[in-house]
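# just coords:
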């Protein structure tokens, strides 16, 4: 149309990379979608970037997980890349099963022995275990307790017949567990006096928390082979069955430590491509700490054909060293001003980009790239909706003149968390589909009341999906009028005043 033609300013450089950068061979790149301004297809390839790492930011339902699923599917087809998803919230297992992948559920039968070597020297694994404990506990503040714990782990390896400074010749040799470490510390506690007794008691207590019955997922022999995680196609390590953030972080750190060492051991490869993408979703504990292996992986991953995808709805949860070192960043819709300011201070994009980002719908994103070679073009540009393997369907909830938009699967997951049965979720989805994927908040309230939910539960749910408190009272007032058979015009205000 002429108005669209007129908006294209041919005598100025558009705020997006040139076609020569955006276009790559479909046989050696992953298609994201089309740019918002010039409608140029963007074929992502790490060969034009400083590294293959990607950060994905955006609120729940904005399209983050949809992008990740699409990216992993296409990367597998293009490069034959394996994928490991370290899933904090249990979001990916249904899709992984549907895609023919493997789901490992820690806390629901599967476990990892924290002292497994994975081909490393025991002395190196001791350092890794202590690093993880320093990130997740307060042990660094107590130097004597730290040293006693380290010595107890070393003794456990020695008692099991391992040479601390040699890789085991027999890879199937049974390694000790944290229960042996705990026993060594308890024995030391009985044999010691004074401060040493107190320190060994506290060290034993700290390790004992990981050995308690029902919480000993890291204190018994592994039920999975860590090495197989890197070459088994699509694997989801589901951590949401673990009861605490500390335990989920311990599992994530253990796997990342192993991957980092495996990456270094195998060394640099001459052939091009990415052999493994690792997705870390909502892992704020290990993505924010300066000592985390996530940071060293981001710095070194390119030369080992190893890609990291870090996803979060809170940009401040991700260490700035990660944000400043990834080759690609996708920013979907953000709501809180603090989050927007944090991202903008990192990327330094224009007011025009910021204004457009405020109007994002589901699946729309700003993309920031760091070219491997010097380039004189805008590094942050706008995308239309991510073009996925299936249409990106969104549900819209109308609240007065405002409209809340959600990715369909994310909205369904919220209904599951609310406690709706499968048949009820199907009925809600059907109501959306019958009304062109838009449902008024009043209709949604009516459905939830029909399912037996009281007002307080519905209020909490509406707040969670983004309805402001100022609008909630009005919604329930309208609902009450509808039940009484009155329209808004039939209602009158009666004021009673006493003299």
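Received it, and whenever you're ready, just let me know what you need. Bear in mind the structure is a predicted one, so any value in this text is a computation, not a measurement. Numbering: from 1, shown residues only.
# okay, now the domains of the chain?
Here the domain parsing of the chain from automatic domain parsing is 14-111+224-383, 122-208, 394-486.
# The longest helix seen in the chain - contacts with which helices or strands?
If you go by DSSP state H, the chain has its longest helix at helix 245-266. The helices and strands touching helix 245-266, judged by 3 or more Cβ pairs under 8 Å, 6 or more residues apart in numbering; DSSP states H and E, are strand 82-87, helix 122-136, strand 276-281, helix 284-288, helix 293-300. Every residue, glycine included, has its C-beta placed from N, CA and C.
# need those in CSV with mean pLDDT, distance to residue 187 and mean neighbour count, can you?
Converted to CSV, the helices and strands packed on helix 245-266 look like this (pLDDT from 0 to 100; distance: least, Cβ to Cβ, whole Å; neighbours: other Cβ atoms under 10 Å):
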stretch, mean pLDDT, distance to residue 187, mean neighbour count
strand 82-87, 93, 36, 25
helix 122-136, 90, 19, 19
strand 276-281, 90, 38, 24
helix 284-288, 72, 32, 21
helix 293-300, 74, 32, 20
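# Just tell me which of those ends up closest to residue 338.
helix 284-288 (14.9 Å; Cβ to Cβ).
# Let me see the residues that make contact with that closest one.
By Cβ atoms under 8 Å, 6 or more residues apart in numbering, the residues outside helix 284-288 that reach it are 135-136, 245-246, 248-249, 252-253, 256, 280, 292-294, 310, 312, 314, 317-319, 322.
# again, 10 Å this time
When contacts are defined by Cβ atoms under 10 Å, 6 or more residues apart in numbering, helix 284-288 is touched by residues 55, 86, 88, 132, 135-136, 245-246, 248-253, 256, 280-281, 292-295, 310-314, 316-320, 322-323.
# tell me how far that helix is from the chain's mean position?
10 Å (Cα atoms, centre = their mean, to the nearest Å).
# just stretch 237-250 next, same as before
13 Å.
# how far does that stretch stretch from start to finish?
Start-to-end span of stretch 237-250 (Cα to Cα, to the nearest Å) is 13 Å.
# ok, and the closest non-adjacent residue to residue 461?
residue 418 (5.6 Å; Cβ to Cβ, 6 or more residues apart in numbering).
# Can you select the buried ones from the contacts of helix 284-288 in PyMOL?
Buried members of the contacts of helix 284-288, defined by 16 or more other Cβ atoms under 10 Å, are picked up in PyMOL with:
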select buried, resi 55+86+88+132+135+136+248+249+250+251+252+253+256+280+281+292+293+294+295+310+311+312+313+314+317+318+319+322+323
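# which residues does residue 113 contact?
Contacts for residue 113 were tallied using Cβ under 10 Å, 6+ apart; they are 174-178, 217-224, 226, 254.
# same thing with residue 296?
Residue 296 neighbours (Cβ under 10 Å, 6+ apart): 256, 257, 260, 263, 264, 321.
# what's the farthest-apart pair in the residues you listed?
Greatest spatial distance in the contacts of residue 296: 264 and 321, 19.1 Å, computed using Cβ to Cβ.
# And residue 157, how far from residue 175?
8 Å (Cβ to Cβ, to the nearest Å).
# If you could redo that for residue 81, that was the one I meant.
30 Å.
# same thing with residue 362?
In this view, residue 362 and residue 175 are 47 Å apart by Cβ to Cβ.
# who has more neighbours, those two?
Set side by side, residue 362 and residue 175 show more neighbours around residue 362, with 23 against 20, by other Cβ atoms under 10 Å.
# Hmm, residue 384 and that one touching each other?
No - using Cβ atoms under 10 Å, residue 362 is not in contact with residue 384, being 11.8 Å away.
# hang on, residue 25 packs against residue 31?
No - assessed by Cβ under 10 Å, residue 25 is found out of contact with residue 31, at 11.1 Å.
# Quick check: neighbours shared by these two?
43, 78.
# So those two - more neighbours on which side?
Neighbours were counted for residue 25 and for residue 31 using other Cβ under 10 Å; residue 31 has more, 18 against 9.
# starting at the chain centroid, how far to stretch 359-366?
18 Å.
# what's the first-to-last distance across that stretch?
End-to-end distance for stretch 359-366, by Cα to Cα: 12 Å.
# Next, the buried residues of that stretch.
For stretch 359-366, burial by neighbour count (16+ other Cβ under 10 Å) applies to 360, 361, 362, 363, 364, 365, 366.
# separation between the closest residue to the fifth one other than its chain neighbours and residue 67?
Going back to what we said before, that points to residue 364. Of all residues not flanking residue 364 in the chain, residue 385 sits nearest, at 5.8 Å (Cβ to Cβ, 6+ apart). The spacing between residue 385 and residue 67, counted by Cβ to Cβ, is 10 Å.
# out of these two, which sits in the more crowded spot?
More crowded of residue 385 and residue 67, by other Cβ under 10 Å: residue 67, with 24 against 19.
# Summarise which helices and strands the host helix or strand of residue 457 is packed against.
Assessed by DSSP states H and E, residue 457 sits inside helix 455-464. When contacts are defined as 3 or more Cβ pairs under 10 Å, 6 or more residues apart in numbering; DSSP states H and E, helix 455-464 packs onto helix 408-418, helix 441-450, helix 469-484.
# residues shared between the contacts of residue 157 and residue 175?
Counting by Cβ under 10 Å, 6+ apart, the shared contacts of residue 157 and residue 175 are 115, 117, 122, 125, 168.
# and of those, the nearest to residue 2?
Among these, and counting by Cβ to Cβ, the member closest to residue 2 is residue 125, at 67.4 Å.
# Test my guess that that closest one contacts residue 261.
Yes - using Cβ under 10 Å, residue 125 makes contact with residue 261 at a distance of 8.7 Å.
# quick one: common contacting residues for those two?
117, 118, 119.
# Give me the buried subset of these.
117, 118.
# mind giving me a markdown table with the shared contacts of residue 125 and residue 261 and columns for secondary structure, pLDDT and distance to residue 373?
Formatted as a markdown table, the shared contacts of residue 125 and residue 261 follow (DSSP: H, G, I helix; E, B strand; the rest coil; pLDDT from 0 to 100; distance: Cβ to Cβ, whole Å):
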| residue | secondary structure | pLDDT | distance to residue 373 |
| --- | --- | --- | --- |
| 117 | coil | 87 | 41 |
| 118 | coil | 79 | 37 |
| 119 | coil | 78 | 36 |
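# Let me know the closest of the shared contacts of residue 125 and residue 261 to residue 377.
For the shared contacts of residue 125 and residue 261, the nearest to residue 377 is residue 118 (43.0 Å; Cβ to Cβ).
# How about the contacts made by that closest one?
124-125, 128, 171, 175, 222, 225-227, 254-255, 257-259, 261-262, 265.
# now do residue 81
Per Cβ under 10 Å, 6+ apart, neighbours of residue 81: 30, 52, 71-72, 74-75, 233-234, 273-277, 305, 307.
# so residue 89 sits right up against residue 239, yeah?
Yes - contact criterion Cβ under 10 Å: residue 89 and residue 239 qualify, at 8.5 Å.
# of those two, who's got more company?
Neighbour count, other Cβ under 10 Å: between residue 89 and residue 239, residue 239 has more, with 25 against 15.
# Please name the nearest non-neighbouring residue to that one.
residue 248 is the one closest to residue 239 (Cβ to Cβ, 6+ apart), at 4.3 Å.
# and the gap between that neighbour and residue 88?
Going from residue 248 to residue 88 by Cβ to Cβ gives 6 Å.
# related to what we said a few turns ago, could I get the helices and strands packed on helix 245-266 as CSV with distance to residue 455?
Putting the helices and strands packed on helix 245-266 into CSV (distance: least, Cβ to Cβ, whole Å) gives the following:
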stretch, distance to residue 455
strand 82-87, 34
helix 122-136, 40
strand 276-281, 34
helix 284-288, 33
helix 293-300, 43
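# Alright, calling it a day.
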